[in-house]
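> All I have is the shape, not the residue letters:
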C-alpha cells in the first residue's frame, strides 16, 4: 500500500463509530473509534480463532501501519465491534474482512474483560473450522501460517499480540475443561 492509501485507511478507521461500555459491559454510548483510543474508553471487541480440520490454528501477521501491535503476530482474527452490531455480527464481519472467511459457523465460547497499557476492552471469543482458501485484507494482514496451538509455536525474535494470547489461553483452558 502506498502512503496515501495507508493514511486514508487510518483516517477511516479512526472515524468508525463504536460502542463505548463500562467495566460490566453495559453500553454507555457511541463514539468515534479514534476518540475511544485517545480517551482510553472501554470498547467491545471480538477474537475469532480459526482452526482447520487438523486442529491447526491460523496465525496472521498484522501490517506494520496498524495503530495497535504493528507487525505483531496475532492468534485471532477480529476487532472492535461497530455501533449497531452484536458481538456475533462484529465477529462475522471481521472474519470476512481480514481473512476472507464467510458463511462459516462461529461458536461463541466466552466473554472477558481485558486491560493493558494500550487498550481496555470487553471481548467475545469465537472459533470456527475452515479448510478453504484465505483472502487476506492487505490493509490489516501481511502474512499467515498454521500452527499447532498446544505446541511451542512462538518463534524467537517475533512479537505476539498480548490480547489475543490472553484470549487463546482462556479458550484452551475452557476446551480442556469440557
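Perfect, I can see it now. For clarity, every value in this text was computed on a predicted model and none was experimentally measured.
> What about residue 151, how many residues nearby?
8 (other C-beta atoms under 10 Å). C-betas here are computed from N, CA, C, even on glycine.
> wait, what's in contact with the residue nearest to the spatial centre of the chain?
In the chain, the centroid-proximal residue (C-alpha atoms, centre = their mean) is residue 78; its distance is 2.7 Å. By C-beta atoms under 8 Å, 6 or more residues apart in numbering, residue 78 lies in contact with 45, 46, 47, 48, 90, 91, 94, 95, 98, 126, 164.
> Check residue 20 too.
27, 28, 29, 30, 31, 36, 41, 42, 43.
> Local confidence estimate at residue 164?
The per-residue pLDDT reported for residue 164 equals 96.
> so it is in which element?
Per DSSP states H and E: residue 164 is located in helix 162-177.
> which helices and strands does that helix pack with?
Using 3 or more C-beta pairs under 8 Å, 6 or more residues apart in numbering; DSSP states H and E as the contact criterion, the elements in contact with helix 162-177 are strand 42-51, strand 107-115, strand 120-129.
> if you set the cut-off to 6 Å instead, what comes out?
Helix 162-177 sits against strand 107-115, with contacts defined as 3 or more C-beta pairs under 6 Å, 6 or more residues apart in numbering; DSSP states H and E.
> ok, how many other residues are close to the residue nearest to residue 63 when sequence neighbours are not counted?
Residue nearest to residue 63 in three dimensions, not counting chain neighbours: residue 142, with 5.0 Å by C-beta to C-beta, 6 or more residues apart in numbering. Applying other C-beta under 10 Å, we find 16 residues neighbouring residue 142.
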